[in-house]
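>>> just need the structure, nothing else, for what follows:
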Amino acid sequence: MCVAGRLEVENDSTRMPREHGIRSAGVREGLDRLIMRGVHVVLLCVALVMVVAVPSGCELTPDVYKAEADDFVDSTINAKWDARFGLKPSTSLDEPRLPRDPNVLRVMLPEDGVMSLPLAVAIALQNSREYQIEKEMLYQSALDLRLAQHVFEPNPFALLGMGYAVTERPEKKLNTDKVGGFVLDVEEKTDVTTERKYGAESDIGFNQVLSTGAVLSARLAVGWVKILTGDVDEGLTTIISATISQPLLRGAGREIVLEQLTQAERNVLYQIRSFNRFRQSLVVDVISQYYLVLQLADEVENARANYESIEVIHEKVEALARVGRMPRHELEEAEQERLSARDVYLTAQREYAQALDNLKLLLALPPQMEFTLDTAVLERLRTHKVEELGLAEADALAAAEVYRLDLANRVDRVIDAERKANVALDRIRTELNLVGMANRDVADRRSFGSPLGVVTAEDSFRIDAELDLPLDRLAEKNDYRLALIALDQARRAEEELRDLIVAEVRAAYRNLREAHDRYRVQTEAYALAKRRLDNTLMLLQYRRTNVRDVLRAQEDLYQSRVDATDAVTDFAIALMEFCRDTGLLQVRPDGTWQEGLARARASQPSRTPIASPNG
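Below is the predicted model of the structure:
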């Protein structure tokens, strides 16, 4: 059990109870009456505000409340946005989502019904449900900061109460009849005294917490009563008081007092980073899915071209078999290949349609909305000259160390855990508070028939010292130990994320290197397979080769064409994933993007973590 001691110092010379009669005309009496009249005015003003202004304001200000919150959130995000994040996109929650009617959505597309890649990314950033959730989480973190700031602002309050009361007091009386001193009869009679009164009371003031830990409170309390029956006509009591409490040991110090505010400010920055990280991931997901659909669309075309080519080969073999220049089993082999090519073509169509629907879901568009993708994107990827990466694995890891926003959050979480451990340790200390109070109590009681009443006033001042010895701090000690455990967990989580990022970057770098090399290899393989098929068809005309060789050459050409397209899209996707995993990808407000690979090549990145709360 904790032992609490209190030291109270009261200045008797400041306690001045006084009663002034009706004939008193002192200066202090006049001042007190002036105060009482002023209190009447204050009470009337408070009543008007509570009865008239507040109800009407509640009906007229919902939009104002929302606008105030929006303005604060926007200004807070602007203040904490780091230039290295790129240009700030819109974080408003009022941006309209796209309509759900497919017929209305088609108006957004060009007349040919082709959805370009930039348009797809822009739609995702506007219409994605997950993206909207990220914006809402950012908004909520800013509102939490506003609430934490409000604790250290003057918090006013104003209370008003009014009522009417009826009190009945029964009183028993004995009536006696006496004759010559003798009691002849005793009669018990009950009289009821009824008191009716109405009155009002108000309490206005403010509370505020200072950065030193001091709690300041000031209030004006007024009570007024009008008695309809009785000896006293009316009475008015006014209490003006101020209190300040300053911790000297436990709970003292800016770091301890401002901990919740500090954490709320850092949470906003963490959410800004997470928001940008999500934008990077969403853009990469949309682009990758767009490339995948283009790849499958190209596979449909390749499968169709392969089927048509095998049909031509089948017709040639069938013509040769009719004149006896080709064995029957080779014709049957060509027929079997034709059926297999048809099956591959049908499968490719199904996979393309499914991938296109998956893209629509990613963009939060209705699956029944019909559009096609821009095949010129794939052609630009094919004709793009692939250069050497010019970036070593060590450079990629160094870039991730600087630009990965989730890593910056995890590092700062360790600092948060250290700070919380210090706060938990402070709660175990001895508590010593210095409390100062000042109070003025004025009462005015007026009797029936009297133009003036009796005014009494009392002033008091007090200083207290409150001591709470740490004799029972078991809960606080447990909290401190749990805070140390949380600190160790935060450090291990940081180490784990660092290892995970290194593994991701190494895998992304290997995938990029592999896709880079496969792109060149498959491009050459496709050219070689095309020449081989042309030569094999020419030899078939002169019966210098068999059908199996021709079909194998056609199959190799089809597969090399598919592999070449896969290599092109794999390289483009690997490049985007590499920039995402290293944190080099920058997304502009309009949804366009910059890979940032040139920036990593140009110079070694700074070792300063991006957007550190400490500058």
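>>> and the strands in the stretch 251-400 of the chain, which stretches?
372-373 (DSSP state E, counting those that start in this stretch).
>>> how about low-confidence regions in it?
For the stretch 251-400 of the chain, the stretches flagged by pLDDT under 70 are 385-390.
>>> quick one, phi/psi of residue 590?
Backbone torsions of residue 590, given as degrees, to the nearest 10, read phi -80, psi 0.
>>> the residue nearest to it when sequence neighbours are not counted: neighbouring residues, count only.
The shortest distance from residue 590 to any non-neighbouring residue, by CB to CB, 6 or more residues apart in numbering, is to residue 122 (6.5 Å). The C-beta positions use only the backbone N, C-alpha and C, and glycine is treated the same way. By the measure other CB atoms under 10 Å, the count of residues near residue 122 is 17.
>>> against residue 591, how distant is residue 122?
4 Å (CB to CB, to the nearest Å).
>>> next: residue 429.
Taken as CB to CB, the span from residue 429 to residue 591 is 54 Å.
>>> between the two, who's got more neighbours?
Remark: of residue 429 and residue 591, residue 591 carries more neighbours, 21 against 17, as counted by other CB under 10 Å.
>>> does that one touch residue 283 like I think?
Yes. Using CB atoms under 8 Å, residue 591 makes contact with residue 283 at a distance of 7.4 Å.
>>> what touches both of those two?
121, 124, 125 (CB atoms under 8 Å, 6 or more residues apart in numbering).
>>> will you turn these into a markdown table that also has distance to residue 220 and neighbour count?
Below are the shared contacts of residue 591 and residue 283 laid out as a markdown table (distance: CB to CB, whole Å; neighbours: other CB atoms under 10 Å):
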| residue | distance to residue 220 | neighbour count |
| --- | --- | --- |
| 121 | 60 | 24 |
| 124 | 57 | 25 |
| 125 | 53 | 21 |
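>>> so which of the residues you listed sit within helices?
Of the positions in those, 121, 124, 125 sit in helices, assigned by DSSP state H.
>>> roughly how far out does the host helix or strand of residue 416 sit from the chain middle?
Using DSSP states H and E, residue 416 sits in helix 405-426. Mean-position distance between helix 405-426 and its chain equals 19 Å (CA atoms, centre = their mean, to the nearest Å).
>>> list the buried ones in that helix?
405, 407-414, 416-417, 419-421, 423-426 (16 or more other CB atoms under 10 Å).
>>> for it, name the packing helices and strands.
For helix 405-426, the elements it packs on are helix 254-257, helix 259-322, helix 474-541, judged by 3 or more CB pairs under 8 Å, 6 or more residues apart in numbering; DSSP states H and E.
>>> need the winner for burial among these.
Most buried of the helices and strands packed on helix 405-426 by mean neighbour count (mean count of other CB atoms under 10 Å) is helix 259-322; its value is a mean of 20.
>>> I'd like the distance between residue 325 and residue 459.
Going from residue 325 to residue 459 by CB to CB gives 127 Å.
>>> same thing with residue 379?
Taking CB to CB as the criterion, residue 379 is separated from residue 459 by 90 Å.
>>> for the stretch 51-200 of the chain, what spans make up the helices?
For the stretch 51-200 of the chain, applying DSSP state H, counting those that start in this stretch gives helices covering 54-60, 62-80, 102-105, 117-127, 129-150.
>>> what angle separates the fourth one from helix 129-150?
Taking axes from the mean of the first three to the mean of the last three CA atoms, to 10 degrees, one finds helix 117-127 and helix 129-150 inclined to each other by 50 degrees.
>>> residues in contact with helix 117-127?
Counting by CB under 8 Å, 6+ apart, 89, 95, 97-98, 108-109, 131, 279, 282-283, 286-287, 290, 359, 362-365, 373-374, 377, 587, 590-593 sit against helix 117-127.
>>> residue 295: which of the ones in helices among the shared contacts of residue 591 and residue 283 is nearest?
Distances from residue 295 to these, taken as CB to CB, are shortest for residue 121 (17.8 Å).
>>> grab the nearest non-local neighbour of the closest one.
Nearest non-adjacent residue to residue 121 (CB to CB, 6+ apart): residue 591, at 4.3 Å.
>>> could you do residue 98 as well?
Nearest non-adjacent residue to residue 98 (CB to CB, 6+ apart): residue 127, at 4.9 Å.
>>> how near is that neighbour to residue 277?
For residue 127, the distance to residue 277 (CB to CB) stands at 20 Å.
>>> and residue 254, by the same measure?
From residue 254 across to residue 277, the span is 32 Å (CB to CB).
>>> what do you get for residue 259?
To residue 277, residue 259 is 26 Å away according to CB to CB.
>>> who are the contact partners of residue 212?
Residue 212 neighbours (CB under 8 Å, 6+ apart): 246, 252, 253, 254, 257.
>>> quick check: the most centrally placed residue in the chain vs residue 578, distance?
Among the residues of the chain, the one closest to the centroid is residue 137, at 1.9 Å (CA atoms, centre = their mean). To residue 578, residue 137 is 27 Å away according to CB to CB.
>>> again, but for residue 515
According to CB to CB, residue 515 and residue 578 sit 9 Å apart.
>>> same deal with residue 413?
Distance from residue 413 to residue 578, by CB to CB: 26 Å.
>>> same question, residue 430
Here residue 430 is placed at a distance of 57 Å from residue 578 (CB to CB).
>>> pick out whichever of those two has more residues nearby.
Counted by other CB under 10 Å, residue 430 and residue 578 do not tie: residue 578 has more neighbours, with 30 against 14.
>>> from what I see, that one and residue 510 are in contact.
No. Residue 578 is beyond contact range of residue 510, at 9.9 Å (criterion: CB under 8 Å).
>>> count the neighbours of residue 144 for me.
By the criterion of other CB under 10 Å, residue 144 has 17 neighbours.
>>> nearest spatial neighbour of it, chain-adjacent residues omitted?
Per CB to CB, 6+ apart, closest to residue 144 is residue 264, 5.3 Å.
>>> list the residues that contact that neighbour.
Counting by CB under 8 Å, 6+ apart, residue 264 makes contact with 141, 144, 145, 147, 148, 149.
>>> understood, closing this out.
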